[in-house]
Structures are given as structure tokens and as C-alpha cells.
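Chemist: Only the shape, not the letters, is given here:
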């Protein structure tokens, strides 16, 4: 029972490089989310998706792009990485919004931009 | 859009009680509470839906005042295992993009022997 799987778990990038973080869920959930966590800032919503083929901006979307081509996958892209994007990234999924269904979190991706 | 949590940090002795507050400037559909241990993913505690309710979970309970857009988490007779960072998440509707779930900055709770 995998739940929410994030790939990779760790990554070091140089400024200006690009990369994609993958989030996969096997629970047939409609909603998926990307958050970043920085010391003292809590979890901040980057982008989210309310269903396959949809995406929406969260609180801190600048510098990131996302895609939800398949229901089970939610990709987070950094086109040109900056040191300010050094963070721990969490993906979460949820059966549906506006319900008593909880979010399920992945284990996180620790990303360092040098 | 981030809800505001208070206090930022609290230190308790085992057996003492604590209250963590969460407030939002937006109309809320639900409030979620999670606990995170260092280096781990957040773990679900409970959800409260609009309609004004209170829930209990062992010695941890919460209330949700929909009109005031506030929620409180109550930890009674604290145990060492309660240590961690507590996050409230608030769910609100956006006509363009559906239901977003935003989390606060967290409340760090340390329970000492």
C-alpha cells in the first residue's frame, strides 16, 4: 500500500538548472497538492489540482509549473532553479475537496540549490 | 491566505494542558489539524466541517467556530509523544480554482518529563 510517493527524496541542483519532482498516488484521489516547507514559514501551497487535466495557483506559485496529465501523477517543475527555492517539498493527495476526507502526505523531497 | 496560528511555541510538563488557536480571514468550509515530527511528513489528526462542531480524538480535541472563522486544538494531560509541530489547515472556496487547503506557520509543542 504505497499511498503517496515522491521522487526523488533528495536532490542538489546548481542555480539555473531545471528539474521535475514527481508525485504519484495510488488511491484514485481527485485532489493533489504541492507545498514547500521552510523554517518558520510552515507549509505554503504552491499549486494544486482538483482533477485530471486541471491545475490552480496557490499562495507561492512563482518560479514553478505543474502538470496533471494523469490522475495519479502530479508533476512540479522548476525551469530555472534559484537558491530561494531550496526547501523541503511535500506532495499531498485527497479523495475530494469540501469533505471529511483527509490529505495524505508523501515523505517529502529535500531540494538544495547551490 | 495562510491562517494565523498562536502561540508560535509552547513548552509543557507532562500532564499539563495546552490550547492552540487558528484563525482565517476567509470564509471556511473546513479546518484540518496535523502534527509533524522532525524530519517526517505531517500526520493527520482531525477535520472539522463547517456547521460549528467539536471533535475528540483520545485526549486531543478541537472546536470550529464557523462565524468567527476560528478553530482551537485542545491537548489535555499531555504526554511526551505529543511533542512536535502542529499545523492547522483551512479550506476555502475559490470560484476559479475550487477548494484550496492552506496551512499556517505551525505551533511548536515540547512536552518535558
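Modeler: Arrived safely. Predicted model, so just to flag it, every value in this text is computed and none were measured.

Chemist: Name whatever forms a beta bridge with the nearest residue to residue A:109 once chain neighbours are set aside.
Modeler: Leaving aside its chain neighbours, residue A:109 sits nearest to residue A:89 (4.6 Å; criterion: CB to CB, 6 or more residues apart in numbering or on different chains). Glycine gets a C-beta too; all of them are placed from N, C-alpha and C. Beta-bridge pairing of residue A:89 under DSSP bridges involves residue A:36, residue A:109.

Chemist: Same check on residue B:86?
Modeler: residue B:35, residue B:107.

Chemist: Relative to residue A:73, how far out is it?
Modeler: Distance of residue B:86 to residue A:73, given as CB to CB, to the nearest Å: 30 Å.

Chemist: What of residue A:62?
Modeler: The value you get for residue A:62 to residue A:73, if CB to CB is used, is 23 Å.

Chemist: now swap in residue A:110 and tell me
Modeler: Distance, residue A:110 to residue A:73, by CB to CB: 20 Å.

Chemist: neighbour count winner among residue A:62 and residue A:73?
Modeler: Set residue A:62 next to residue A:73 and count neighbours by other CB atoms under 10 Å in any protein chain shown: residue A:73 wins out with 14 against 8.

Chemist: For the nearest residue to the more buried one once chain neighbours are set aside, give the beta-bridge partners.
Modeler: Of all residues not flanking residue A:73 in the chain, residue A:24 sits nearest, at 5.3 Å (CB to CB, 6+ apart). Residue A:24 has these beta-bridge partners by DSSP bridges: residue A:5, residue A:73.

Chemist: My guess is residue A:24 contacts residue A:71. True?
Modeler: No - the criterion here is CB atoms under 8 Å, and residue A:24 misses it with residue A:71 at 10.5 Å.

Chemist: the more surrounded of the two?
Modeler: residue A:24 (19 against 16).

Chemist: can you name the farthest residue from the center of chain A?
Modeler: For chain A, the largest distance from the centre (CA atoms, centre = their mean) belongs to residue A:100, which lies 21.8 Å off.

Chemist: Could I get the pLDDT score of it?
Modeler: Residue A:100 carries a pLDDT value of 84.

Chemist: Torsion angles phi and psi at it?
Modeler: Phi and psi for residue A:100, reported as degrees, to the nearest 10, are phi -90, psi 20.

Chemist: Helix, strand or coil: sort out the nearest residue to it once chain neighbours are set aside for me.
Modeler: Nearest-residue entry for residue A:100: residue B:47, 5.3 Å, with adjacent residues in sequence omitted and distances by CB to CB, 6+ apart. State at residue B:47, reduced to three classes by DSSP: H, G, I helix; E, B strand; the rest coil: strand.
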